[in-house]
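S.K.: Just to be clear, the model below is a prediction. Sequence and coordinates:
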Amino acid sequence: MAFRRAFSSSSQFRHTSPGNLNINGKDSTLYRLSDNRKFEELIDVFCQQKRIKEAVDFLHRIHQPSPRVYSTLISVCARNRFLELGKRVHAHTKASNFIPGIVISNRLLHMYFKCGSLIDAQMVFDEMPQKDLCSWNTMISGYANRGLFEQARKLFDEMPQRDNFSWNAVISGYVRQDRHREALDLFRMMQENDSSNCNMFTLSSALAAAAAIPSLRLGKEIHGYLIRTELELDEVVWTALLDLYGKCGSLDEARGIFDQMSDRDVVSWTTMIHRCFEDGRKKEGFSLFRDLMGSGVRPNEYTFAGVLNACADLAAERVGKEVHGYMTRVGYDPCSFSASALVHVYSKCGNTEIARRVFNQMPRPDLVSWTSLIVGYAQNGQPDMALHFFESLLRSGTKPDEITFVGVLSACTHAGLVDKGLEYFHSVKEKYGLVHTADHYACVVDLLARSGRFKEAENIIDNMPMKPDKFLWASLLGGCRIHGNIELAERAAKALFEIEPENPATYITLANIYANAGLWTEVSKVRKDMDNRGIVKKPGKSWVEIKRQVHVFLVGDTSHPKISDIHEYLGELSKKMKEEGYVPDTNFVLHDVEEEQKEQNIFYHSEKLAVAFGIISTPAGTPIKLSVLLDVTTTVRRNDGRVAHFMVLWYLEDEV
């Protein structure tokens, strides 16, 4: 030990050749060692200083190296993945007529697998006169870790005896390669083997396989085995049980497992929270997240991303801001996908200003962040900004994907850029080598139909490589409504009736088109068909959150305490707008009534009631976020200018 300490602080020296040392000053101790032929100790020093090549070179100075020297050098080559140096050590054992025992042969096996040389490992294994469990297990795990299961399973079947490591190596290897049923078959064989006892590693692998299939029955069998054997479970197995029940849709049982866990780590918390969100139990998910924040366990980026994505799905911006605030307090990586989730939630909630601010703080925005921002601008009435950021994405060197182009094509639709949209549509395949998706076709058909270019839209539909879906036909039907194309509207409606015959939106839109054309007999037929099928259109429903209280409005609603003030304000707006030339669009009112009555019907739309209430309840400059039944969120910034007056009465004209 005194000798090794003397060298830990010695200066570096340059080794010019196996027979020559360049000595300078403090390397005199090294010189004495070499003079005294203590080369083995010198090799130890080189290894400690990570001068592996020099250590291997000094093998040639030793007439017959001891097994310890070979073992040390092989281990250090394996640890640093120095394949060529390891091969030199192996070659030296042969040149010096050294016969390696099982221990050194096993170290050679390990080194070759660690360095990725499977052929050399197999040669060593085949040359070994004697093999122990470690030899077989090293080979099996080496092949299994590289996905070569035929070789791993062949060795497993040939080995004279097995231990837990043998079973676990193959079972866990099958799980990693998504061969879950084979993993479970082997787990059953292990249970039938009297000499083998399942440990926590085996059980967590088996549970992971059952969860991935997913098979609740098989998972419960494994859980039953755990209960029968009265094993003391560790965190990994508890979390695997939690994941099993969650993935199999048995959330109550998953929650029962979670509540039994005495020591919950961030993985178990995150798993339970995400399962709640995936199962639609949003309130429970948010409640668990608040419990996590008070538990002393720090959430990780997976936790944050899951909660933020749930906020985006619900357009729950307020909760998203709370999570953002917590992330800022505890610190988060601006390059992580939790930062991308922040961009997504603000974009989805219509707050593109904060979304862009978070985006600008990211040193290297990923494609998800770029796409979230582009889609956010496109969906919130800022198509020019969406296209601006798409061009910025291209300049950054980031390659767009199929989802990015959905946002781009949507932006072109909202901006009325038909030719530009077609150019982008064709570039998906021709320029970027991507495959057109059903969403791309729906977007481009929507783009063409809104502009009245129906022949081009029909041509695209007729030449699609896949069957048109309901979104495409709905886009076409919407365009027919704008331009009064009855013939094509009937084709689109017929296709929609076949895909989703119970959807009232198709009947209502077709009736709107007939009503606009004055075909009241056809309107009656549509309504009669709805009655015969028992299809009822739900009344329009909108809600707005003011001071953390949600106010819900239905079409023609008179139940709100402020309804008189709302009607008074809407009346003032209507009067001012008419004075400035606004003419209400009553074409889509589905009743053959006088024009004045049609205007009155439009007057009581739920969106208008909600926006009016938001305006009279907040100070100037307050953003008002409105959600409607169709899962759409619209933002109106409250001010007293002429533009705001027009925005208030901009909403759908077909609600009644």
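M.R.: Received, thanks. Since the structure is predicted, the reported quantities are computational estimates derived from the model, not experimental observations. Numbers count the residues shown, from 1 in each chain.
S.K.: Look through this structure and tell me its longest helix.
M.R.: helix 563-579 (DSSP state H).
S.K.: what about Phe304, how many residues close to it?
M.R.: By other CB atoms under 10 Å, 24 other residues sit near Phe304. Placement of C-beta: from N, CA and C, glycine included.
S.K.: That one reaches His344, doesn't it?
M.R.: No - Phe304 is beyond contact range of His344, at 11.7 Å (criterion: CB atoms under 8 Å).
S.K.: mind checking the SS state of Lys625?
M.R.: strand (DSSP: H, G, I helix; E, B strand; the rest coil).
S.K.: how many neighbours does it have?
M.R.: Look at Lys625: counted by other CB under 10 Å, it has 19 neighbours.
S.K.: Same question for Pro539.
M.R.: With neighbours defined by other CB under 10 Å, the count for Pro539 comes to 13.
S.K.: Arg329 now?
M.R.: Counted with other CB under 10 Å, Arg329 comes out at 8.
S.K.: try Glu235
M.R.: Neighbours of Glu235 under the rule other CB under 10 Å: 16.
S.K.: The residue lying closest to Ser96 once chain neighbours are set aside and Tyr507, how far apart?
M.R.: Distances taken as CB to CB, 6 or more residues apart in numbering place Gln64 nearest to Ser96, at 6.1 Å, with adjacent residues excluded. Taking CB to CB, to the nearest Å as the measure, Gln64 falls 94 Å from Tyr507.
S.K.: ditto for Gly571
M.R.: Distance of Gly571 to Tyr507, given as CB to CB: 32 Å.
S.K.: which of these two has more neighbours?
M.R.: Applying other CB under 10 Å to Gly571 and Tyr507 shows that Tyr507 carries more neighbours, namely 21 against 12.
S.K.: Show residues contacting the helix or strand harbouring that one.
M.R.: Assigned by DSSP states H and E, Tyr507 belongs to helix 504-516. If you take CB atoms under 8 Å, 6 or more residues apart in numbering as the criterion, helix 504-516 is touched by 474, 477-478, 480-481, 484, 486, 489-490, 493, 496-497, 500, 520, 522-523, 526-527, 529-530, 535-538, 587-590, 592, 654.
S.K.: all helices of the stretch 1-150 of the chain, in order?
M.R.: 2-8, 28-35, 39-48, 52-57, 67-80, 83-95, 102-114, 118-127, 133-145, 149-158 (DSSP state H, counting those that start in this stretch).
S.K.: Can you lay out those as JSON lines showing mean neighbour count and distance to Ser287?
M.R.: Formatted as JSON lines, the helices of the stretch 1-150 of the chain follow (neighbours: other CB atoms under 10 Å; distance: least, CB to CB, whole Å):
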{"stretch": "helix 2-8", "mean neighbour count": "11", "distance to Ser287": "56"}
{"stretch": "helix 28-35", "mean neighbour count": "14", "distance to Ser287": "67"}
{"stretch": "helix 39-48", "mean neighbour count": "19", "distance to Ser287": "54"}
{"stretch": "helix 52-57", "mean neighbour count": "19", "distance to Ser287": "55"}
{"stretch": "helix 67-80", "mean neighbour count": "20", "distance to Ser287": "47"}
{"stretch": "helix 83-95", "mean neighbour count": "17", "distance to Ser287": "54"}
{"stretch": "helix 102-114", "mean neighbour count": "22", "distance to Ser287": "47"}
{"stretch": "helix 118-127", "mean neighbour count": "16", "distance to Ser287": "51"}
{"stretch": "helix 133-145", "mean neighbour count": "22", "distance to Ser287": "41"}
{"stretch": "helix 149-158", "mean neighbour count": "16", "distance to Ser287": "44"}
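S.K.: weakest of the ones you listed by average pLDDT?
M.R.: For the helices of the stretch 1-150 of the chain, the weakest mean pLDDT is recorded on helix 2-8, namely a mean of 36.
S.K.: hang on, the earlier thing: can I get the helices of the stretch 1-150 of the chain in a markdown table including distance to Leu207?
M.R.: Listed next are the helices of the stretch 1-150 of the chain as a markdown table, based on distance: least, CB to CB, whole Å:
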| stretch | distance to Leu207 |
| --- | --- |
| helix 2-8 | 47 |
| helix 28-35 | 55 |
| helix 39-48 | 42 |
| helix 52-57 | 42 |
| helix 67-80 | 32 |
| helix 83-95 | 37 |
| helix 102-114 | 28 |
| helix 118-127 | 30 |
| helix 133-145 | 19 |
| helix 149-158 | 20 |
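S.K.: I'd like to know which of the ones you listed lies nearest to Trp269.
M.R.: Closest of those to Trp269 is helix 133-145, at 30.0 Å (criterion: CB to CB).
S.K.: Pull the distance from the closest one to the chain's centre.
M.R.: 34 Å (CA atoms, centre = their mean, to the nearest Å).
S.K.: can you give me the angle that helix makes with helix 118-127?
M.R.: Orientation check (axes from the mean of the first three to the mean of the last three CA atoms, to 10 degrees): helix 133-145 against helix 118-127 gives 150 degrees.
S.K.: Show me the contact partners of helix 133-145.
M.R.: For helix 133-145, contacts defined as CB under 8 Å, 6+ apart pick out 102, 105-106, 109-110, 113, 118, 121-122, 125, 128, 149, 151-152, 155-156, 159, 161-163, 165-166, 169-170, 172-174.
S.K.: switch to 6 Å and redo it
M.R.: For helix 133-145, contacts defined as CB atoms under 6 Å, 6 or more residues apart in numbering pick out 106, 109-110, 113, 125, 151-152, 155-156, 159, 163, 165-166, 169-170, 173.
S.K.: between that helix and helix 149-158, what angle do the directions make?
M.R.: If you take the same axes, to 10 degrees, helix 133-145 sits at 160 degrees to helix 149-158.
S.K.: How is the protein partitioned into domains?
M.R.: The record's domain parsing of the chain by the TED database lists 462-533, 543-654.
S.K.: now the shortest one: mean pLDDT?
M.R.: Averaging pLDDT along domain 462-533 yields 93.
S.K.: The longest one now?
M.R.: Computed over domain 543-654, the mean pLDDT rounds to 66.
S.K.: Begin at 23 from now on, thanks
M.R.: Done: numbering now begins at 23, and the last item shifts to domain 565-676.
S.K.: re earlier: relative to Gly438, tell me which of the domains of the chain wins on proximity.
M.R.: Going by CB to CB, the one of the domains of the chain nearest Gly438 is domain 484-555, 11.8 Å.
S.K.: how much distance is there from the closest one to the middle of the chain?
M.R.: With CA atoms, centre = their mean, you get 36 Å for domain 484-555.
S.K.: Likewise for stretch 160-180?
M.R.: Distance, stretch centre to chain centre, for stretch 160-180: 32 Å (CA atoms, centre = their mean).
S.K.: got a list of contacts for stretch 69-89?
M.R.: Contacts to stretch 69-89, defined as CB under 6 Å, 6+ apart, come from residues 37, 40, 61, 65, 68, 98, 104, 107, 110, 114.
S.K.: Quick check: the closest residue to Trp260 other than its chain neighbours vs Ala276, distance?
M.R.: Among residues not flanking Trp260 along the chain, Met283 sits closest, at 5.0 Å (CB to CB, 6+ apart). According to CB to CB, Met283 stands 11 Å off from Ala276.
S.K.: Neighbour count for these two, which is higher?
M.R.: Ala276 (23 against 17).
S.K.: I'd like to know how far the more buried one sits from His202.
M.R.: Distance from Ala276 to His202, by CB to CB: 19 Å.
S.K.: same thing with Met212?
M.R.: For Met212 relative to His202 (CB to CB), the value is 15 Å.
S.K.: How about Ala471?
M.R.: Relative to His202, and taking CB to CB, Ala471 is found at 46 Å.
S.K.: More neighbours: which of these two?
M.R.: Ala471 (27 against 21).
S.K.: pLDDT value on that one, please?
M.R.: Per the predicted model, pLDDT is 95 at Ala471.
S.K.: now the one 10 residues further on
M.R.: Residue-level confidence at Asn481 comes out at 96, pLDDT.
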